[in-house]
Structure formats: C-alpha cells, structure tokens
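Participant: heads up, no residue letters with this:
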C-alpha cells in the first residue's frame, strides 16, 4: 500500500474543505486520510484490510463510468469488517457530496440499530472532520412487552409490544391479555421504574404476580455458575433452557438475545452488559429479550385458581363484615352430643345472656360425660 495522505491536522476550514473536495471521487483516499490510523483507538490498525481496499477501489473506478451502475456483492463471515466499510462509505458520501441521499438496508430493523448504526457512530467519533458535521440521533424508546410462555412453548401465543404507554393503559393491556388467556397462571414483572406501580395494581386486582428486581442478588447457581445479579441470573436460566424452547421467528428477538456482552467480575461472577452500556454503543434496550427472560425468574405456581375468585377486578369480599359474622338463624347442633342451642346475634346490644352461657356449658358438660369411659 502506498503511503497514506492524512487530512491536515489543525487545518482551517478552507483547508479541510479543499481536502474533502479532493477526495470526492476517491473513497480510498478518504478512508486513508479521514482517520488517525496507528494512533489512539486505531493503534493496532494501519488502514483497510485488503478486501476492504479492493471494494473501495471498485467504487472509485466505477465512478469513472457514470453510464453504468456500480454493483458489488460480497459474501463473508461474521466480524470481518462489513459494518466498518459500510460506515466509511456512508461518511465519505455524506461529507464530500452536498445533499447526498442514500438507503442502507438490512435483514431487520434490529440489525440496522444494533450493528450498522453502532458501528457508524464509532467511526463518526473517529472522523477527523466530525466537528463540521452533525449525526442525527434516533430516539431509543423503551418498550413494554407481554411475552407469554407455556412450558417450552414461546410461539403459540405471540408477544405483544407497546411503546410509550402510561401505567394505566399498560395495566389495561395486561388485564385484557389475561382475560383473553385465562390459562395464564402467573405474571412476572420487571419491578423497576414503571413496573413497580404495575406490580401493585395487578396484585390489587387479584393476580399472582412476581416482582422481578434486576439488581437483587440471585438465590441459586446454574450448573455451578454464579451470576452477579438477578438480571444476569434469569438470562443464564434462558441460556440453560434455550436449546429446548420453541421460539417465534423474530429477527428482533434474535438480535436482542445476541447483543449483550458479558464479563467476569472480581468475585468470579458473570456480569451482563448493562442497558446503559448498550445505549452507549447505539443499541436499543432489549425489552423483548428481557421479557422472555423474566419468565424464568421463579417457579410457576401449579395450584388451581378458585372459580369463585374474581379475575381482573378488585375483590371486595370482607370476612369480618356483618353479613359474614352474623350467625345463622337455625340452632347450632353439637355433632358429638346432639345438644342444640342458638348463638346470640351480634346486632344485639345486650350481649350474651346467662342462658347462652348455660347452653354452651351444658354442651361442654355433655361432651365431658360422653368422653368418660363407661364402667
């Protein structure tokens, strides 16, 4: 490779504009000069890989034949630099040709957000002329997800995803889902943030709810592996069961499950990459994956739900009100002795009479006589 001609350090606006104009038709010269190769973050990198350089040359030479479109297809493995070279081409086109418009496609929106956009942000940060441009931000809005799981079946009932719902509307969506699927016995809720209020509201409605606190300490290990917090633990549980699960055909779920990285802390526990670190890499919060992992935050209750218990509405039953504390009108019959007497009604301000206590004492006396051995 020939010696590179970097963009002039400390150059004024006119010099930078002249340099960008000079590389307008040469993406190879742009990439060689736009980044500080061999320094800082790129201390171990000294320029494009041979295949990347070939691709840039094909684009450069193709620009010399305006009557023909530049068509290039490359098949490669994972982690070889595809997103990097796409980022270079994007920065070159946007910074050297005014009013440039382009379309970048991928197999899914999640692929664009978790791979390409994150890589583009990285190279824009390294771009020597970045102060003369602004990279538009995409709002990374957290989602609220209902992800049903029945044993190993995560596909029969499709997940539901909502964006920007307030607490009351999210509660209504959960209630509607539970009413439509009465076979669902337990709800796991991420109890941080908006989820804290949702937990209380659903419990008030009579549902069996588990409050999942991501920052809490796990109570058990998985095959001898220790996890630093509950979020890491439930992700480990999902990984342990993943080979047996029937998952939906969802590129977004696949990307979110593969996005977080992990490391070992000083205690030898697995520490999963936090949501904040994911956002710094330009990767949106993996709420779809987190929702699925939450279903492994505890054992599923197998006790039957009583038919008399209301579902989805507050339970107004009060065992201590007058209706339930009032004794029946018919006389009480002692099953062992056969003695009958009436209980005093609670609405009688006079309380229990002497006759009431005598009746009760007579029943006890008969029981004592009944229990004595016969000679």
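Facilitator: It's in. Keep in mind that this is a model prediction, so the values were computed, not measured.
Participant: residue 175 against residue 205, yeah?
Facilitator: Yes: the criterion here is Cβ atoms under 8 Å, and residue 175 meets it with residue 205 at 6.8 Å. C-beta coordinates here come from the backbone N, C-alpha and C atoms, glycine included.
Participant: helix, strand, or coil at the closest residue to residue 97 other than its chain neighbours?
Facilitator: The shortest distance from residue 97 to any non-neighbouring residue, by Cβ to Cβ, 6 or more residues apart in numbering, is to residue 24 (6.3 Å). State at residue 24, reduced to three classes by DSSP: H, G, I helix; E, B strand; the rest coil: coil.
Participant: check residue 24 and give its pLDDT.
Facilitator: Looking at residue 24, its pLDDT reads 90.
Participant: touching, it and residue 96? I think so.
Facilitator: Yes: Residue 24 is within contact range of residue 96, at 4.2 Å (criterion: Cβ under 8 Å).
Participant: more neighbours: which of these two?
Facilitator: Taking neighbours as other Cβ atoms under 10 Å, residue 24 and residue 96 compare with residue 96 leading, 19 against 15.
Participant: buried sites along stretch 19-31?
Facilitator: Using 16 or more other Cβ atoms under 10 Å as the test for burial, stretch 19-31 gives 19, 20, 23, 26, 27, 28, 29, 30, 31.
Participant: where do the strands of this structure begin and end?
Facilitator: Ranges of strands within the chain are 143-146, 160-163, 187-190, 209-212, 262-264, 270-272, 332-333, 340-341, based on DSSP state E.
Participant: check the burial of the nearest residue to residue 187 once chain neighbours are set aside by counting its neighbours.
Facilitator: Using Cβ to Cβ, 6+ apart and skipping the chain neighbours, the partner closest in space to residue 187 is residue 209 (4.8 Å). Counted with other Cβ under 10 Å, residues neighbouring residue 209 total 20.
Participant: now do the contacts for residue 209.
Facilitator: Counting by Cβ atoms under 8 Å, 6 or more residues apart in numbering, residue 209 touches 186, 187, 188, 189, 199, 202, 203.
Participant: for stretch 224-237, buried residues please.
Facilitator: Residues of stretch 224-237 classed as buried: 226, 227, 228, 229, 230, 231, 232, 233, 234, 235, 236, 237 (neighbour count, 16+ other Cβ under 10 Å).
Participant: how about stretch 275-293?
Facilitator: By 16+ other Cβ under 10 Å, the buried positions in stretch 275-293 come out as 275, 278, 282-293.
Participant: quick check: residue 170 vs residue 151, distance?
Facilitator: Using Cβ to Cβ, to the nearest Å, residue 170 is found at 26 Å from residue 151.
Participant: same question for residue 205.
Facilitator: In terms of Cβ to Cβ, residue 205 sits 25 Å off from residue 151.
Participant: who's more crowded, the two?
Facilitator: residue 205 (18 against 9).
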